[in-house]
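Participant: Task: produce atomic coordinates for the following.
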Amino acid sequence: IGGNDQTGNIKTGHELISKLKPDKRIFGLTLPIITSEKGDKLGKSAGNAVWLEQDMFSAFDFYQFFYNTSDQMVETYLKLFTFLPINEIDDLMLKHQKSPEKFLAQRKLASELTILVHGESGLDSAIKCTNAFFHSDRESLAKMSDKEVESTFRGASSVSLTMAPEMSVLECAVEAQCFRSVEDAAAVIKAGGFRINGTLITNPQESLIFGQHILTNNITIIRVGK
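Facilitator: Below is the predicted model of the structure:
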């Protein structure tokens, strides 16, 4: 069994098994391959594979992949990948078409598949990481584990700092190596280009507060730029 792009390999396997076990009836079954709305193949060779193993593709990455499904493909994916009744999918698509900005169909697709592959805990983690990353939700940030932070903010620079008494935002920005100089840091902060845990900071001399700037899991998310 395989995608119809593997017809040659399946045929070769069929011939080999037929020679090794001539008394057996051998069958090869091909299925249409899953493609994007442009007809592009989804898979390892195309560089856009969706891995089921959490160590290779976190629950957050998995959820986001399907959440970002295009409007053209979301109904097809709902019918292919989920166990939702067709009438429920039809009703969902009617609601989605009325308010596409709410991403109702994509959210349902991502949720159903994340539960299927990663379970309820995986979905909870994916939604928590989504709220933290895209909505700067402080409560979600504070509940994130080190592994969730690493997978969600993959590629972001990180540094370990020791909080000194009454450390200022400016001192934190400089020690975290967000800027080349104190002057650059002060200018950007005053201009509204500095956020800590999603909160805009414009006073360089504001003191860091544990639980606000430094969350209870000892994590601080800094974003530079408007």
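
Participant: so where's this protein uncertain?
Facilitator: 45-47 (pLDDT under 70).

Participant: So for it, which residue is the most central one in space?
Facilitator: Central residue of the chain (C-alpha atoms, centre = their mean): Asp61, 2.9 Å from the mean position.

Participant: Ignoring the adjacent residues along the chain, who's closest to that one?
Facilitator: Ser151 (6.9 Å; C-beta to C-beta, 6 or more residues apart in numbering). C-beta here means a position set from N, CA and C on the backbone, and glycine is covered the same way.

Participant: cool, Ile1 as well?
Facilitator: Leu29 (4.7 Å).

Participant: List the residues that contact that neighbour.
Facilitator: Ile1, Gly2, Ile10 (C-beta atoms under 8 Å, 6 or more residues apart in numbering).

Participant: Show me the strands in this structure, by range?
Facilitator: Here the chain has its strands, by DSSP state E, at 2-3, 30-31, 194-196, 199-200, 222-224.

Participant: Name the stretch among these that sits most buried.
Facilitator: Of all those, strand 194-196 has the most neighbours on average by mean count of other C-beta atoms under 10 Å, namely a mean of 22.

Participant: Test my guess that the residue nearest to the centre of the chain contacts Glu150.
Facilitator: No. The criterion here is C-beta atoms under 8 Å, and Asp61 misses it with Glu150 at 11.9 Å.

Participant: returning to that earlier point: out of the contacts of Leu29, which one sits closest to Val159?
Facilitator: Using C-beta to C-beta, Gly2 is the member of the contacts of Leu29 that lies nearest Val159, at 46.7 Å.

Participant: And that closest one, how close does it get to Gly8?
Facilitator: According to C-beta to C-beta, to the nearest Å, Gly2 and Gly8 sit 10 Å apart.
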